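> here are the coordinates; sequence isn't available:
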C-alpha cells in the first residue's frame, strides 16, 4: 500500500482553556442597549478590582452593583469579569469593552457637569446682541458687573443694527438683544432697561452752545448730520425733528429735516468729528455724550420740555424660549450696572 509504514497524521487542534476565552453568557433577547448605571458598575469593578470597593465608590449596595454588572453581561452575551474570593479578574472580552465603557462614563460625566449651569443665566454661554449706539457705552459697565457678579457667564457679544439683530434673534443666532424699544415684532418680548434723553452736539463757539431750550423743529432745520440708513438713532432723530411723514420717503424726510445730505457716517465718533469740523450739528444719546465729546472741540445743548425728548433702551428676547424669568434676572443685572457706572440715564424699575 502506498501509505504502508507511514503514520496517519491528524491536524493539530488548539485547545482553548478558560484563561484564553471568557465563558459565554446567554444573551437576553429583546433587551435594549446597556444603561449608564450598568456601565458605571462595570468600570468601577474593573478599576477597583473589588466588588466591595467598587460599590462604596458608587454609593451602592454590593448586591445592586452585582445585579447591574450581571445585567450588562447578559446584554452583551459574555462574561466580563471573573468573580474570585479575593480579587476580580477582567476577562479578555471585558478588557476589550472596558475602554468603550470608560469613554461613555466620561462623556456622561462631562455632560452632567456642563448641564449643571443650565437653568440660570449667570452661568454658561450667553449670546447677546447690542446696537452700535448702545454697545460702546453700556458694555464697559456691564462687563465689570458680570465679572463681579457672574464670573461663570460666558458672554458672546454681537454688535449690529436693529433689523439685523431682530433677524438673528428670530433665527436663534442670538439669545437676547439690547436695542431701542419698542421693537414691535411678533413673538419678541421686551423688558425696559433705561431711558435717556437726546443731546444736541454743535461746533465749539456755536450760538446754541450751552442752551437748554432748543425746539426740535429748529434743530431739524439746522443741517443735521446723521448716521447712515439702518441705524435706529437716525430714524429717531428724523422723527424727533418732525421730518418723518408725508410723501417722498426717507430721502424726502431727510431733506425736510434739513439734513446735510452729503455728510453721513457709520459711527458716532466719526459724526462727532464732522461736527467739530464745522460741517453741521448732530444728536447723540446721553449715554454717548461723555465718551464722544470729551476730547473734541464741540459743545452741547439740550432740548426744551419735561421730559426732554429721548429714547428707551430695553432687552428683547424670544417669547417661545420660555425663559422670561431668566431674562428678568439679566435685565436686573444690566440696570444695576447702569446705576453703578453712573451713566447719565434713568434705569427703568421692573414692572
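Good, I have the coordinates. Quantities reported herein were computed from a predicted structural model and do not represent experimental measurements. Residues are numbered from 1 along each chain as shown.
> mind listing the strands for the stretch 151-300 of the chain?
Taking DSSP state E, counting those that start in this stretch to define them, one finds strands in the stretch 151-300 of the chain at 152-159, 176-181, 188-203, 224-227, 259-265, 282-285, 298-302.
> quick one: average pLDDT of the fourth one?
It refers to strand 224-227. Averaged across strand 224-227, the pLDDT comes to 88.
> repeat that for the longest one.
Summarised as a single mean, pLDDT over strand 188-203 is 95.
> which strands border it, and is each parallel or antiparallel?
Taking DSSP bridges as the criterion, strand 188-203 pairs within the sheet with strand 282-285 (antiparallel), strand 298-302 (antiparallel), strand 310-318 (antiparallel), strand 346-347 (antiparallel).
> centre of the chain to the first one, how far?
The chain centroid and the centroid of strand 282-285 are separated by 30 Å under CA atoms, centre = their mean, to the nearest Å.
> identify each buried residue in it, please.
By 16 or more other CB atoms under 10 Å, the buried positions in strand 282-285 come out as 282, 283, 284, 285. (Glycine included, C-beta is placed from N, CA and C.)
> list the contacts of residue 309.
197, 198, 216, 240, 303 (CB atoms under 8 Å, 6 or more residues apart in numbering).
> swap the cut-off to 10 Å and go again
Residues in contact with residue 309, defined by CB atoms under 10 Å, 6 or more residues apart in numbering, are 197-198, 214, 216, 219, 236-237, 239-241, 283, 302-303.
> got the domain ranges for the chain?
Under the assignment automatic domain parsing, the domains of the chain span 36-115, 123-194+313-347, 196-310.
> about what we covered before: of all the strands of the stretch 151-300 of the chain, which one comes closest to residue 325?
Comparing the strands of the stretch 151-300 of the chain against residue 325 with CB to CB, the closest turns out to be strand 188-203 (11.2 Å).
> distance of residue 166 relative to residue 226?
According to CB to CB, to the nearest Å, residue 166 and residue 226 sit 21 Å apart.
> more neighbours: which of the two?
Shown here are residue 166 and residue 226; by other CB atoms under 10 Å, residue 226 has more neighbours (25 against 20).
> count of neighbours near the residue nearest to the more buried one when sequence neighbours are not counted?
Among residues not flanking residue 226 along the chain, residue 234 sits closest, at 4.7 Å (CB to CB, 6 or more residues apart in numbering). A count of nearby residues for residue 234, using other CB under 10 Å, gives 20.
> what do you get for the one 3 residues further on?
Taking other CB under 10 Å as the neighbour definition, residue 237 ends up with a count of 27.
> I'd like to know the average pLDDT value across stretch 39-54.
For stretch 39-54, mean pLDDT rounds to 92.
> so what's residue 8 scoring on pLDDT?
49.
> repeat that for residue 270.
Looking at residue 270, its pLDDT is 92.
> next, find the distance separating it from residue 282.
10 Å.
> what stretches of the stretch 1-150 of the chain score poorly on pLDDT?
Residue ranges of the stretch 1-150 of the chain with pLDDT under 70: 1-32, 85, 114-121.
> change it to 80
In the predicted model of the stretch 1-150 of the chain, residues 1-32, 84-86, 112-124 satisfy pLDDT under 80.
> can you give me the helices in it?
Secondary structure of the stretch 1-150 of the chain, counting by DSSP state H, counting those that start in this stretch: helices at 36-48, 51-58, 62-76, 92-115, 135-149.
> next, the buried residues of the shortest one.
Residues of helix 51-58 classed as buried under the neighbour-count rule (16+ other CB under 10 Å) are 51, 54, 55, 57, 58.
> ditto for the last one
Along helix 135-149, these residues count as buried under the neighbour rule (16+ other CB under 10 Å): 135, 136, 137, 138, 139, 141, 142, 145, 146.
> from residue 199, how far out is the first one?
In this case it means residue 135. Per CB to CB, residue 135 is found 18 Å from residue 199.
> do the third one as well
As defined by CB to CB, residue 137 lies at a distance of 13 Å from residue 199.
> name the residues contacting each of these two.
Common neighbours of residue 137 and residue 199 (CB under 10 Å, 6+ apart) are 284, 285, 286, 287, 288, 289, 292, 344.
> what about these, which are in helices?
In helices, defined here by DSSP state H, the members of these are 286, 287, 288, 289, 292.
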